[in-house]
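> Sharing a sequence plus its predicted fold:
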Amino acid sequence: MINFTYTKASTTNSAVDLLLKEKNAKFIAGGTNLVDLMKRGVETPDRLIDITNLPLHNIDKKETGLYIGAMVTNTQVAEDPWIKINYPLLSLALQAGASPQLRNMATVGGNMMQRTRCSYFYDTAMPCNKREPGTGCGAMNGYNRMHAIFGASDSCIAVHPSDMCVALAALDTTVIIQGKKERRIPFLDFHRLPGNTPEKDNNLAKGELITGIEIARNHFGGHVHYLKIRDRSSYAFALVSVAAALEISNDSIVHARLAMGGVAHKPWRLTEAEKFLQGKKATVDSFREAAIVAMNGAKDYGQNHFKLKLAPVAIVEALSQAAKI
């Protein structure tokens, strides 16, 4: 690991100022992803700015929705009794992620900022446009069993690793960002598809910090499910995951929310499938038709061909579990 300077910020403004002054500085909180990347030589910051003392540890529960500060741990969110009742999809997704030890350290903001677990990205001896633009994508013609079937490009076929972010994508979340001034962006606009610039994971500008998220009140109640299909039952990233939420009245679907993980460079919202389900009866047949719609545009790269069959089955199962049929 390289030498670096360590600074502990006391205010949000001072943290942002420090980041702007340093050409190669990084924020650090729980460090569950960044420290690993530094050990591998993937990230080589000259300065680490510790933001654990910033006043971003609060969870505000309101009739209109939910605010979660960026420094709240994944465990705090997953185990909060009020969130379990009112936003169970978020709790379920977090409980499916990582391990208890990591959830105790990982923060909401850090979870959103984590980088892909693509083996070519982590191995500095291998070509990777995300790590070193212009070197090529080793996964394109290499080992790509874990890789994307949606939204990929010739530059990168890596997938986003988060479970929490899949739920947030489904729940119409807003991201609150502090830079020279505060701005808010829809969660679906926060992460990026690779295009020709796969090194850019998100739309944060230089000198900006995630301070929190807001989730609007919904009427999904208990009609939610988070399905994560993986190679082992814990401490493994998703081959395919599905966040499903349904508002049902008289056996018909009033609103549907669907997002997938393990299939794209960002959490993948299935908006066309949601539109298809609106007004339909909550039946397995409707869910199978919605899964066909959801798979429009999917493409495999060889070893991940099985995802083309696994993904629609997972969608049907998640929707069936959410509808309780």
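Yep, that arrived.
> so A9 makes contact with P55?
No: assessed by Cβ atoms under 8 Å, A9 is found out of contact with P55, at 11.1 Å. All C-beta atoms are positioned from the backbone trio N, CA, C, and that covers glycine.
> domain ranges for the protein?
Per automatic domain parsing, the structural domains of the chain span 5-53, 225-323.
> Could you list the buried residues of the lengthiest helix in the chain?
Ranked by number of residues, the top helix in the chain under DSSP state H is helix 307-323. For helix 307-323, the neighbour count (16 or more other Cβ atoms under 10 Å) marks 307, 310-312, 314-323 as buried.
> cool, and stretch 116-127?
The neighbour-count check on stretch 116-127 (16+ other Cβ under 10 Å) flags T116, C118, S119, Y120, F121, Y122, M126, P127 as buried.
> residue ranges of the strands in the chain, please?
Per DSSP state E, the chain carries strands over the ranges 5-8, 25-28, 47-50, 59-62, 65-69, 173-178, 182-186, 209-216, 224-229, 240-249, 252-261, 268-269.
> circling back to that earlier point, run through the neighbouring helices and strands of the longest helix of the chain.
On a contact count with 3 or more Cβ pairs under 8 Å, 6 or more residues apart in numbering; DSSP states H and E, helix 307-323 meets strand 224-229, strand 240-249, strand 252-261, helix 284-294.
> Out of the buried residues of stretch 116-127, the closest to L92 would be?
Of all the buried residues of stretch 116-127, T116 has the smallest distance to L92: 22.9 Å, by Cβ to Cβ.
> can you tell me which residues contact the residue nearest to the closest one when sequence neighbours are not counted?
Distances taken as Cβ to Cβ, 6 or more residues apart in numbering place A158 nearest to T116, at 4.0 Å, with adjacent residues excluded. Contacts for A158 (Cβ atoms under 8 Å, 6 or more residues apart in numbering) come out as T116, C118, Y120, F121, K130, A139, H147, A148, P194, P198, H265.
> Put together JSON lines for the residues you listed, with pLDDT and distance to N104 on each row.
Converted to JSON lines, the contacts of A158 look like this (pLDDT from 0 to 100; distance: Cβ to Cβ, whole Å):
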{"residue": "T116", "pLDDT": "98", "distance to N104": "23"}
{"residue": "C118", "pLDDT": "98", "distance to N104": "26"}
{"residue": "Y120", "pLDDT": "98", "distance to N104": "30"}
{"residue": "F121", "pLDDT": "98", "distance to N104": "26"}
{"residue": "K130", "pLDDT": "98", "distance to N104": "28"}
{"residue": "A139", "pLDDT": "98", "distance to N104": "32"}
{"residue": "H147", "pLDDT": "98", "distance to N104": "30"}
{"residue": "A148", "pLDDT": "98", "distance to N104": "30"}
{"residue": "P194", "pLDDT": "98", "distance to N104": "32"}
{"residue": "P198", "pLDDT": "98", "distance to N104": "31"}
{"residue": "H265", "pLDDT": "98", "distance to N104": "28"}
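> Mind putting the strands of the chain into CSV with mean neighbour count, mean pLDDT and distance to Q95?
Converted to CSV, the strands of the chain look like this (neighbours: other Cβ atoms under 10 Å; pLDDT from 0 to 100; distance: least, Cβ to Cβ, whole Å):
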stretch, mean neighbour count, mean pLDDT, distance to Q95
strand 5-8, 12, 97, 31
strand 25-28, 20, 98, 25
strand 47-50, 19, 98, 27
strand 59-62, 12, 94, 17
strand 65-69, 21, 97, 16
strand 173-178, 20, 98, 18
strand 182-186, 12, 98, 25
strand 209-216, 21, 98, 17
strand 224-229, 24, 98, 8
strand 240-249, 24, 97, 12
strand 252-261, 24, 98, 14
strand 268-269, 24, 98, 21
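> Thanks a lot, see you next time.
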